[in-house]
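Novice: how would this look folded up:
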Amino acid sequence: MLTLISLCSLWIAWCAQHSLLISSHAHRTARTLLGRYFGLYRLGYVLFSVVTLVPLLYYQYSLPQHVIFAWHGPWRLLQAGLLIYAAVLFYLGSRVYDMAYFLGISQWRQYRRAEAPAPLPFRCDGILGYVRHPWYGGGIAFLWGAGPNSDVSLLGKVILSAYLVIGTFLEEKRLKKELGTPYITYCRSVPMLIPWKRKSLGA
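Specialist: Predicted coordinates:
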């Protein structure tokens with residue numbers, strides 16, 4: 001029990017720092033403290049998130065686990081459906097997202113050229129015309145489709161699923177503030193997490 005409580009605390013701490021470091025307040029603080037080096041912030045954020053995630057995953061999978069549910073027989077079809085669905089959303093999302101901006105590479109290049117940071121890009125074509133957050137939706141599907149569910153892995157899946165949902169709403173709040181009316185109109189026309197019939201963005 002103490003092990004599960006420790007793991008739960010570590011996952012919550014990781015999710016909290018991940019959200020706090022990408023918040024508008026953190027951006028303002030970093031811009032003030034870093035000055036002209038702010039262009040390195042996003043890249044540092046991505047690297048820090050990965051570096052802190054790896055030992056947490058290693059710790060989780062090193063723990064003794066009791067399998068609660070494993071994919072067998074016809075259930076394999078549901079598992080395959082979840083993983084294919086996740087893969088499609090990840091792929092289509094990568095086609096429309098500016099990956100260099102997402103990873104912080106664009107900001108780093110602008111920093112090296114002594115250029116001002118570019119404004120947040122906004123697109124509503126491709127998969128973004130059917131769902132606003134394909135990677136969050138795909139992430140939830142991947143979590144529940146990947147591997148068997150044990151007492152240990154189930155804890156991580158529940159926490160990360162809740163984090164993705166909460167993170168989606170926090171991201172929406174930030175985007176509405178930064179992008180304004182165009183994004184608010186977009187939200188009225190396109191579903192948040194589950195792709196649905198494309199609507200006119202002018203509706």
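Novice: contacts and neighbour counts: CA atoms only from here.
Specialist: OK.
Novice: do you know how far the nearest residue to G93 once chain neighbours are set aside is from D151?
Specialist: Using CA to CA, 6 or more residues apart in numbering and skipping the chain neighbours, the partner closest in space to G93 is P134 (6.0 Å). Using CA to CA, to the nearest Å, P134 is found at 28 Å from D151.
Novice: before we move on, what about L83?
Specialist: 21 Å.
Novice: between the two, who's got more neighbours?
Specialist: A count of neighbours by other CA atoms under 10 Å puts L83 above the other of L83 and D151, at 20 against 14.
Novice: isn't the more buried one up against G137?
Specialist: No - counting by CA atoms under 8 Å, L83 sits too far from G137 to count as a contact (11.6 Å).
Novice: skip the chain neighbours and tell me the closest residue to L4.
Specialist: Closest to L4 by CA to CA, 6+ apart is V152, at 6.9 Å.
Novice: tell me the helix or strand right after the one helix or strand that neighbour maps to.
Specialist: Element membership for V152, per DSSP states H and E: helix 151-179. Where DSSP H and E defines the elements, the next helix or strand beyond helix 151-179 is helix 181-189.
Novice: roughly how far is the worst-scoring helix or strand of the chain on mean pLDDT from the heart of the chain?
Specialist: Within the chain, confidence by mean pLDDT, DSSP states H and E is lowest for helix 105-112 among all helices and strands, at a mean of 80. For helix 105-112, the gap between its own C-alpha mean and the chain's C-alpha mean amounts to 22 Å (CA atoms, centre = their mean, to the nearest Å).
Novice: list the contacts for the residue with the shortest distance to the centre of the chain?
Specialist: Nearest residue to the geometric centre of the chain (CA atoms, centre = their mean): Y136, 5.2 Å. Counting by CA atoms under 8 Å, 6 or more residues apart in numbering, Y136 makes contact with 164-165, 168, 193.
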